[in-house]
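[1] One predicted model, sequence on top.
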Amino acid sequence: KNQVEQSPQSLIILEGKNCTLQCNYTVSPFSNLRWYKQDTGRGPVSLTIMTFSENTKSNGRYTATLDADTKQSSLHITASQLSDSASYICVVSGDSANQAGTALIFGKGTTLSVSS
Amino acid sequence: KAGVTQTPRYLIKTRGQQVTLSCSPISGHRSVSWYQQTPGQGLQFLFEYFSETQRNKGNFPGRFSGRQFSNSRSEMNVSTLELGDSALYLCASSWTGGFGETQYFGPGTRLLVL
């Protein structure tokens, strides 16, 4: 069964600290993996899209890694800010010919709270 | 350039009623996808429309339907509402919905079914 599991479910860190969010998937065949940030009351915003051949991708203070062999991805946030408080959702696409279709499998997200 | 807009933002209905939600994509985007988000199930894909045709469909009952107009605006309809349909309904647009494309989400319509 195609599944995307994220951990931890929630996380509280102090402002300025780093943190890493995990995403494990069993989706096959794999096409790409996306990380979204969703602020409370707003729609998700894309952070990164990673394909099979990409191991690391950065977007400012956000760095995503992908190990297609172990089917694991992580999102590392450096020097956290209060504005990083949000839900982070991992999405895996499992069919290269069907990018926005039934093969999009979502994790349930990690809720990050950054406190001062 | 304006982002994805959704109307209405909030909606309260009773069981058995039907509801229509609207989504206007970013200008030039031809792909519109719809998602349901609930605390228990997270984000789930409903369907995607491209050039007025439903291209992909998620695992939802037939009570959920949609359509897309020639200007790429899309509507989603839910008939015979159930309590479990209470959720945030998000739509997202992209140029073609193709490989590796970024989707841009609207703010969502929050539906409460009583």
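    On my side now, so go ahead.
[2] Contacts (any at all) between chain A and the lowest-mean-pLDDT helix or strand in chain B?
    Using mean pLDDT, DSSP states H and E, strand B:53-57 stands out as the lowest-scoring helix or strand of chain B, at a mean of 85. Yes. Strand B:53-57 comes into contact with chain A (CB under 8 Å from any CB of the partner chain), by way of B:55-57. (Glycine included, C-beta is placed from N, CA and C.)
[3] ok, the helix or strand of chain A with the lowest mean pLDDT: who's next to it in the sheet?
    Lowest on mean pLDDT, DSSP H and E among the helices and strands of chain A sits strand A:104-106, with a mean of 80. Counting by DSSP bridges, the strands paired with strand A:104-106 are strand A:86-93 (antiparallel).
[4] Now flag whichever of the residues of strand B:53-57 next to chain A is closest to B:K13.
    Of all these, B:K13 sits closest to B:K57, with 23.1 Å by CB to CB.
[5] In this structure that closest one contacts B:F47, no?
    Yes. In this structure, B:K57 is within contact of B:F47 by CB atoms under 8 Å, at 4.6 Å.
[6] and chain B, which residues reach chain A?
    Residues of chain B lying near chain A by CB under 8 Å from any CB: B:4, B:31, B:33, B:41-45, B:48, B:55-59, B:90, B:92, B:94, B:97-108.
[7] Just the ones of those in helices?
    Per DSSP state H, helices hold no members of the residues of chain B next to chain A.
[8] Isn't B:L88 up against B:P107?
    No. Contact between B:L88 and B:P107 fails when scored by CB under 8 Å: they sit 9.2 Å apart.
[9] Strands of chain B, start to end?
    For chain B, strands defined by DSSP state E occupy the ranges B:5-7, B:10-13, B:19-24, B:31-38, B:42-50, B:53-57, B:64-68, B:74-78, B:87-94, B:104-105, B:109-113.
[10] Could I get the buried residue list for the last one?
    Looking back up the chat, that one is strand B:109-113. B:109-111, B:113 (16 or more other CB atoms under 10 Å in any protein chain shown).
[11] Give me the contact list for it.
    B:6-15, B:19, B:21, B:78, B:81-89 (CB atoms under 8 Å, 6 or more residues apart in numbering or on different chains).
[12] just to revisit the earlier point, lowest average confidence across the strands of chain B, which one?
    Lowest mean pLDDT within these: strand B:53-57, at a mean of 85.
[13] Since that was my last question, I'll sign off now.
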